[in-house]
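[1] Following is a predicted model, sequence given first.
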Amino acid sequence: MAEQSLSYRELLNKVKTNLAPSLAEDWPELPVERAEGVYLYTEDGREYMDFTSGIGVTNLGHNHPKVLNAAIEQMKKFSHSAVGITLHEPLLRLTEVLPTVMPEGMDMFFFGNSGSEAVDGSLKLARYVSGRPGIIAFTGSFHGRTYGAISVTSVKSKYRKHYEPALPGIYFADFANPYRCPIGDTPEKAVEWSLASIEKIFNHYIDPSEVAAILVEPVQGEGGYIFPPTEFLKELRRMCDEHGIFLIFDEVQSGFGRTGQMFAAQTYGVRPDIMAIAKGIANGFPMSAVVSSRDIMSRWLPGSHGTTFGGNPVACASALAVQEVFKEENVLENCRKMGSLFLDGLKKIKPSYPFIGDVRGKGLMVALEIIKTDGSKAPDGDKAMAILQKMLDHGLVGYMAGRTGQVIRLIPPLVVTEEQINKALSILAISLKEVK
Ligand SMILES: Cc1ncc(COP(=O)(O)O)c(C=O)c1O
């Protein structure tokens, strides 16, 4: 057949014809042939440092030998068996291992395939168990692309355009953004502003007794790598306790070591009731989970949620290997060390470039926010894109975030070395100079 004789290059020319444009107009669409560790190798023979980790997925680097081997060994045994019809050891073992690294009390799991699916599942669990309809989410949030997930997403109206009506019963409060707060750019003001917006919802739109859950990304990801003050998450916990509301953390992007602890809940020291986790769980094999306490989960009665692929044996075996590697290679410690090296380096670069409005990060969840230099602090997505393009030209792949793409997010594998961090810093310095 003709299509089987097409070369990779010829196929690349057909991307726009064969892939839905809703997907195929992203950036930079690198034609990757293979990947290993921190590096991507493209079809034209170039090497790139991958500081996206496939958007926070390949946290142990591409093709980590231990994860790869676990997947291969499992595939030799069998690669699918719908959970329920069968059971298997990797799944059951994973339910023993994960609670040892989850925030306290998170010890029962529903495995799925994607972050969006885990978010949907979390919302279903909260509504089902509480018997309440209301969900409070936050402005600037990103929770995925399924109908449930877009209904609680507000980073860009584009993600919901032409899909309305979304799920009913969702209310948006303001996220505590210490860099951009209408009553003053301080952590205290950001918390005050956000809490007032929740009070407003309670007073005017829905009584707290009818709210099932407050859903929050402890660090907003797609929204622009926004790190709220600890007090904000503590106050959400307090409000939820006061009103019998479930606190759901979407840790799809912030989880699995990204912020220097296994989960941002631990970095912040705040305990959720329900979590959505995915991305780094199996270092690249599609997998996610809704996680909660036995007390809450055991009230999600048989048949009320289900899956065909969730708990896939290859993904479970990979997830087990991921946990072994975290321990054996002291991955969290490396993340914290390399994270502070990276952040310090970026902070040193910042004063030379007035268009870098902010440099922020926890662990290896790191970002630069690019602004207009006219004193307005207005986001400058065009300049951020120009910098990203220069970085790419020099062999460093980063990715954009924020409503207007004004944030450059840097998400290296957590096993990145000091040498690689220094190389990335010098590429960034060159790229910034060229754009200036
Ligand atoms: C915080 C957060 N939640 C949910 C999702 C959706 O995950 P998925 O794309 O796997 O459906 C993402 C994806 O980037 C995310 O960052």
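    That came through fine.
[2] name the element Gln420 belongs to?
    Remark: Gln420 resides in helix 418-435, with elements defined by DSSP states H and E.
[3] For that helix, the averaged confidence score.
    In this model, helix 418-435 has a mean pLDDT of 98.
[4] who does it touch, helix- and strand-wise?
    strand 47-50, helix 331-349, helix 381-393, strand 396-397 (3 or more Cβ pairs under 8 Å, 6 or more residues apart in numbering; DSSP states H and E). No exception for glycine: its C-beta is placed from N, CA and C like everyone else's.
[5] got the ones you listed as JSON lines, with distance to the ligand, mean pLDDT and mean neighbour count columns?
    Below are the helices and strands packed on helix 418-435 laid out as JSON lines (distance: least, Cβ to the nearest ligand atom, whole Å; pLDDT from 0 to 100; neighbours: other Cβ atoms under 10 Å):
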{"stretch": "strand 47-50", "distance to the ligand": "16", "mean pLDDT": "98", "mean neighbour count": "19"}
{"stretch": "helix 331-349", "distance to the ligand": "18", "mean pLDDT": "98", "mean neighbour count": "18"}
{"stretch": "helix 381-393", "distance to the ligand": "17", "mean pLDDT": "98", "mean neighbour count": "19"}
{"stretch": "strand 396-397", "distance to the ligand": "16", "mean pLDDT": "98", "mean neighbour count": "22"}
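[6] So what angle separates the directions of the helix holding Gln420 and helix 331-349?
    Orientation of helix 418-435 against helix 331-349 (axes from the mean of the first three to the mean of the last three Cα atoms, to 10 degrees) gives an angle of 30 degrees.
[7] hmm, back to that, in a markdown table: the helices and strands packed on helix 418-435, plus distance to Val129.
    Shown next, in a markdown table, are those (distance: least, Cβ to Cβ, whole Å):
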| stretch | distance to Val129 |
| --- | --- |
| strand 47-50 | 40 |
| helix 331-349 | 32 |
| helix 381-393 | 41 |
| strand 396-397 | 41 |
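[8] which parts of the stretch 51-200 of the chain sit against the ligand?
    Ile55, Ser114, Gly115, Ser116, Val119, Phe142, His143, Gly144 (Cβ under 6 Å from any ligand atom).
[9] Going by distance to the ligand, which of those wins?
    Gly115 (2.2 Å; Cβ to the nearest ligand atom).
[10] Where does the prediction get shaky in this structure?
    In the predicted model of the chain, residues 1-3, 24 satisfy pLDDT under 70.
[11] Residues of the stretch 251-400 of the chain that sit close to the ligand?
    So the stretch 251-400 of the chain meets the ligand at Val252, Gln253, Ala278 (Cβ under 6 Å from any ligand atom).
[12] and with 5 Å instead?
    By the rule Cβ under 5 Å from any ligand atom, the part of the stretch 251-400 of the chain lying against the ligand is Val252, Gln253.
[13] now the helices: where do they sit in the stretch 251-400 of the chain?
    Applying DSSP state H, counting those that start in this stretch to the stretch 251-400 of the chain gives helices spanning 264-268, 294-297, 313-328, 331-349, 381-393.
[14] Any chance of those in TSV with distance to Arg160 as columns?
    Formatted as TSV, the helices of the stretch 251-400 of the chain follow (distance: least, Cβ to Cβ, whole Å):
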stretch	distance to Arg160
helix 264-268	25
helix 294-297	29
helix 313-328	30
helix 331-349	33
helix 381-393	20
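[15] Tell me which of the ones you listed approaches His162 most closely.
    In terms of Cβ to Cβ, the element of the helices of the stretch 251-400 of the chain nearest to His162 is helix 381-393, at 22.5 Å.
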